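J.: no FASTA, just this:
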């Protein structure tokens, strides 16, 4: 295999040898000795930057002798996120953690295309964060999509970060989201599926796969609307785009979802979605045990004004 490229536009390629068959993809990549760590390769797999025989790879992709592996390395991030003054809606703070209400439109941490102006930049101006060891994601325990609003927790110390991450890993965190789902979803439904990167579109995820990570969402209708419904989604797992994928692939895409919103929505729903300009998804409840004291903390926050307006526009007129 040739030396690594000097910029992110180039691609690394190699052919799988017989001795590599049956091994984990990330293990094989590290053994190739090109420099990136196993954690970096795992992140690139999650980001859809690695393909095997032209198909987006997962950590469980089987390697066959003679298969071609192609890698599109991520551009190197800035050395570290810098503090920037920003108004933050802080719900709770102590020496270990911060709980806040993230507004829609705010990116959580610096990444390609968003070098600054993120929640992390604002948090670093507000407090010292020493949580994750990643200079681009200090203190970040979990993430909300840019256009998803709602309650988040951020660690201020390594021990708090470790304790919170452990709770997310065993799925003991209480997470409830509100969403405006298109169509007429059933009163209740549990989605228990595999979840993986879409094989043809690396920006998307899908549950229509035979292998992947487990994704478990409990959905219930709170209020029927015109050609839509206000639903609550309780998460047991927290995969990327999990709620958006489950609802969309069940035929009830979240109103305003630019990535998973499908055809077949009514004119009224399309009009409300256009006005909203984002997916109608809000992290309403977050509950967890404090990593130091063990006390159970629970935070609940109403959706922002744009979500409330969309909801009102889809409510039927009262009978006279």
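T.: Done, it's in. All figures in this text were calculated on a predicted structure; none of them were measured in a lab.
J.: And the strands in this protein?
T.: Using DSSP state E, the strands of the chain run over 12-15, 50-52, 55-56, 68-71, 90-93, 97-102, 149-155, 174-182, 188-197, 205-206, 213-225, 228-235, 281-289, 296-300.
J.: what angle separates the last one from strand 97-102?
T.: What it means is strand 296-300. In this structure, strand 296-300 runs at an angle of 20 degrees to strand 97-102, with axes from the mean of the first three to the mean of the last three C-alpha atoms, to 10 degrees as the basis.
J.: isn't residue 311 right next to residue 180, touching?
T.: Yes: counting by C-beta atoms under 8 Å, residue 180 is a contact partner of residue 311 at 6.3 Å. The way it works is simple: take the backbone N, C-alpha and C, and place the C-beta from them, glycine included.
J.: of the two, who's got more company?
T.: More neighbours sit around residue 180 than around the other of residue 311 and residue 180, counting by other C-beta atoms under 10 Å; the figures are 30 against 20.
J.: Dump the strands of the chain into TSV; add mean pLDDT as well.
T.: Shown next, in TSV, are the strands of the chain (pLDDT from 0 to 100):
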stretch	mean pLDDT
strand 12-15	91
strand 50-52	93
strand 55-56	91
strand 68-71	93
strand 90-93	98
strand 97-102	97
strand 149-155	97
strand 174-182	98
strand 188-197	96
strand 205-206	94
strand 213-225	97
strand 228-235	98
strand 281-289	98
strand 296-300	98
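J.: highest average neighbour count across those?
T.: By mean neighbour count, with neighbours taken as mean count of other C-beta atoms under 10 Å, strand 149-155 ranks first of those at a mean of 26.
J.: How far away from the center of its chain is that strand?
T.: Centroid separation for strand 149-155 versus its chain: 13 Å, with C-alpha atoms, centre = their mean, to the nearest Å.
J.: tell me what it is packed against?
T.: Contact partners of strand 149-155 among helices and strands, from 3 or more C-beta pairs under 8 Å, 6 or more residues apart in numbering; DSSP states H and E: strand 97-102, helix 158-169, strand 281-289.
J.: What strands line up against the last one, and which way round?
T.: It stands for strand 281-289. Taking DSSP bridges as the criterion, strand 281-289 forms sheet pairs with strand 149-155 (parallel), strand 174-182 (antiparallel), strand 296-300 (antiparallel).
J.: out of the strands of the chain, nearest to residue 81?
T.: Using C-beta to C-beta as the criterion, the shortest distance between residue 81 and the strands of the chain is 12.6 Å, found for strand 149-155.
J.: any chance of the strands paired with strand 281-289 in TSV, plus distance to residue 261?
T.: Listed next are the strands paired with strand 281-289 as TSV, based on distance: least, C-beta to C-beta, whole Å:
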stretch	distance to residue 261
strand 149-155	17
strand 174-182	8
strand 296-300	27
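J.: Which of those sits closest to residue 55?
T.: Taking C-beta to C-beta as the measure, the strands paired with strand 281-289 were each checked against residue 55, and strand 174-182 came out nearest at 30.3 Å.
J.: How about the most centrally placed residue in the chain: what's its closest non-neighbour residue?
T.: To find the centre residue of the chain, average its C-alpha atoms and take the closest one (C-alpha atoms, centre = their mean): that gives residue 240, at 3.5 Å. The shortest distance from residue 240 to any residue that is not its chain neighbour, by C-beta to C-beta, 6 or more residues apart in numbering, is 5.8 Å, and that residue is residue 205.
J.: correct me, but the one you found touches residue 239?
T.: Yes: using C-beta under 8 Å, residue 205 makes contact with residue 239 at a distance of 7.1 Å.
J.: nearest spatial neighbour of residue 278, skipping sequence neighbours?
T.: Counting by C-beta to C-beta, 6+ apart, residue 147 is the residue found nearest to residue 278 once chain neighbours are left out, at 3.7 Å.
J.: what's the domain layout of the protein?
T.: As given by automatic domain parsing, the domain ranges for the chain are 12-71, 90-170, 175-285.
J.: how far is the shortest one from where the chain is centred?
T.: Its chain's average C-alpha position is 23 Å from that of domain 12-71, according to C-alpha atoms, centre = their mean.
J.: And stretch 156-163, by the same measure?
T.: 21 Å.
J.: what mean pLDDT would you report for that stretch?
T.: Mean pLDDT, taken over the full extent of stretch 156-163, equals 91.
J.: Would you mark the buried spots in it?
T.: In terms of neighbour count (16 or more other C-beta atoms under 10 Å), stretch 156-163 has its buried residues at 156, 157, 160, 161, 163.
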